[in-house]
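S.K.: sequence first, then the predicted structure:
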Amino acid sequence: MTTTLRPHRNGTTATAPDAPTFDLEPPVGGGRSRWPEVTVGMLIIGLFALAGGWLYSNAADAEPVLALRNDIERGHVITTNDLRVVEIGSEGTVNLIPSGDPGRIVGQVALTDLSAGTLATNDLFAPAAQIAAGTGVIGLALDPGEYPTLSLRPGDVVRVVATGAGAEQEVLAEQAEIVDVAAIGVQSQLFVSLLMTTEQTDAVATASADDRVRLIQVGGE
């Protein structure tokens, strides 16, 4: 603070205090810049905006498809209670079954054991065999060499033959449809259920009792 000399009425001078003054200039080198905090905040806001845009884009592109609600076993006939709806990216739905089209697999049988959550595709299921009048189903316990491949599955068609002495063999059923296949024992044995006419089942049962039945996989009609 400074003082100023002021004249008295008698001609003398006296000192009087000046009005206080304030220094409004910012201090030099005495403060800390807040730009780092501002920059970090802007980066965080930007990241949240990008994440929100990504989530919105994925949600917009998701397609509802069918998946299995529970574990099911091979040969199980699919019902609507076995199915649930899930959403996945639209680019991966080419071979999947849309949620609005369960009729494509309801009533069909599972071709293999399937876990809950498995996305439904046409190649996992096949039409269930229908036993009409004049037809029957026969089950055969077969050892390796008596069936053509371990990959037999419901819906495949086989020729059933009975082996004889030497190279002789008899065709018992030209085309029989496989209804079910199950592994038995520990020596790659299979239990195969076949759909054919009742006359053919009688002949196959007789040959099977003598352990003479062999299956040959053929193309279906």
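M.R.: Great, that's in hand.
S.K.: roughly how far apart are residue 207 and residue 164?
M.R.: Residue 207 is 10 Å from residue 164, where distance means Cβ to Cβ, to the nearest Å. Every C-beta, even on glycine, is put in place using the N, C-alpha and C of the backbone.
S.K.: which residues do those two both contact?
M.R.: When contacts are counted by Cβ atoms under 8 Å, 6 or more residues apart in numbering, the set common to residue 207 and residue 164 consists of residue 170.
S.K.: run through who's touching the longest strand along the chain.
M.R.: Longest strand of the chain, by residue count under DSSP state E: strand 169-184. Counting by Cβ under 8 Å, 6+ apart, the neighbours of strand 169-184 from elsewhere in the structure are 74-75, 129, 137, 141, 152-164, 189-197, 200, 203-204, 207, 213-214, 218, 220-221.
S.K.: in a helix, that's where residue 205 is, yeah?
M.R.: Yes - applying DSSP: H, G, I helix; E, B strand; the rest coil, one finds residue 205 inside a helix.
S.K.: tell me how far the nearest residue to it once chain neighbours are set aside lies from residue 111.
M.R.: Distance criterion Cβ to Cβ, 6 or more residues apart in numbering; nearest residue to residue 205, sequence neighbours excluded, is residue 138 at 6.1 Å. Relative to residue 111, residue 138 is positioned 20 Å away (Cβ to Cβ).
S.K.: same thing with residue 188?
M.R.: Per Cβ to Cβ, residue 188 is found 19 Å from residue 111.
S.K.: these two: which is more packed in?
M.R.: Summary of the neighbour comparison: residue 188 and residue 111, criterion other Cβ atoms under 10 Å, with residue 111 having more neighbours (17 against 13).
S.K.: that one is in contact with residue 125, isn't it?
M.R.: Yes - when contacts are counted by Cβ atoms under 8 Å, residue 111 is listed as touching residue 125 (6.3 Å).
S.K.: returning to what we had before: buried stuff in the next helix or strand after the longest strand of the chain?
M.R.: Using DSSP states H and E, the next helix or strand after strand 169-184 towards the C-terminus is strand 189-197. Judged by neighbour count (16 or more other Cβ atoms under 10 Å), strand 189-197 contains these buried residues: 190, 192, 193, 194, 195, 196.
S.K.: can you check stretch 171-187 too?
M.R.: Of the residues in stretch 171-187, 172, 173, 176, 177, 178, 179, 180, 181 count as buried by neighbour count, 16+ other Cβ under 10 Å.
S.K.: how about stretch 115-135?
M.R.: Buried residues in stretch 115-135 (16+ other Cβ under 10 Å): 119, 120, 124, 125, 126, 129, 135.
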